[in-house]
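[1] sequence-free structure coming up:
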């Protein structure tokens, strides 16, 4: 392994490493976060750990645990739904714009199809392997590809803070819900609609996909 880079990139990488552990369930809700142990495990000083913890707290991933420091926060179902509602609106717009561009430029649709199919393959393989973190990564990669295909550079930046919160929610969905392969079937339908140049269909499928995910997580959490 290469030594981790200096700040602020190091803080971001520590943030991502801890978030991966939360999303995978390795650090479940209520888990006490011992900064010294995390620093030792990642091979870094406490300073980037402290900075990453501050970001995780701001994003609702961790919370104060009295004198014990910090712990992994439980998922707030209502906050999660609010995030998904905003993401559905942004993703729906991105899918619509992407389909419009595909209709206008078939070569762009061909390039998008090749990249999207690769992500579909990797995502499905991750489901079969039971790799939750890889499923989340490929899910994010596909939605990011749609943002980029939309031609609106503000969409990706606007959606980014919601994705930080929803990475954890997505991990819970992959672990608890029964939609793992269904999620990728829906992705395939969205890709088809974009490549076919059908904006209304692409937007409808994308919005439904996002709201289905919110419903699946809510049902899974209620069943616990």
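    Looks like it came in fine. Please read these numbers as outputs of a predicted model, since none were measured by experiment. Numbering: from 1, shown residues only.
[2] who's in contact with the worst-scoring helix or strand of the chain on mean pLDDT?
    Among the helical and strand segments of the chain, the one scoring lowest on mean pLDDT, DSSP states H and E is helix 153-176, with a mean of 84. Contacts to helix 153-176, defined as Cβ atoms under 8 Å, 6 or more residues apart in numbering, come from residues 19, 22-25, 59-61, 75, 79-80, 83-84, 86-87, 90-91, 93-94, 97, 132-133, 135-136, 139-140, 143-144, 147-148, 179-180, 183, 213, 216-217, 220-221, 223-224. Yep, even glycine has a C-beta here, placed from its N, CA and C like the rest.
[3] pLDDT weak spots in the protein?
    1-8, 176-179, 222-224 (pLDDT under 70).
[4] how about the strands in it?
    Taking DSSP state E, the strands of the chain run over residues 32-33, 62-64, 70-72.
[5] most tightly packed of these?
    Highest mean neighbour count of these: strand 70-72, a mean of 19 (counted as mean count of other Cβ atoms under 10 Å).
[6] residues making contact with that strand?
    22, 27-33, 53, 57, 61-65.
[7] so in that sheet, which strands flank it, and in what orientation?
    Strand 70-72 has these partner strands in its sheet, going by DSSP bridges: strand 32-33 (antiparallel), strand 62-64 (antiparallel).
[8] centroid-nearest residue for the chain?
    residue 167 (3.7 Å; Cα atoms, centre = their mean).
[9] ok, and the closest non-adjacent residue to that one?
    residue 23 (5.3 Å; Cβ to Cβ, 6 or more residues apart in numbering).
[10] show me what contacts the one you found?
    132-133, 136, 167-168, 170-172.
[11] residue 20 too?
    Contacts of residue 20 by Cβ under 8 Å, 6+ apart are residue 133.
[12] from residue 79, how far out is residue 52?
    21 Å (Cβ to Cβ, to the nearest Å).
[13] between those two, tell me which one has more neighbours.
    A side-by-side neighbour count of residue 52 and residue 79, using other Cβ atoms under 10 Å, places residue 52 first with 26 against 12.
[14] got the contact list for the more buried one?
    By Cβ under 8 Å, 6+ apart, the residues touching residue 52 are 11-12, 14-15, 18.
[15] residue 103 too?
    109, 197-199.
[16] may I ask which two of those residues are separated the most?
    Maximum pairwise distance among those (Cβ to Cβ): 12.7 Å, between 109 and 199.
[17] which residue ranges make up each domain of this structure?
    9-72, 77-222 (automatic domain parsing).
[18] tell me how far the closest residue to residue 73 other than its chain neighbours lies from residue 220.
    Excluding the flanking residues, the one nearest residue 73 by Cβ to Cβ, 6+ apart is residue 63, at 4.2 Å. Relative to residue 220, residue 63 is positioned 21 Å away (Cβ to Cβ).
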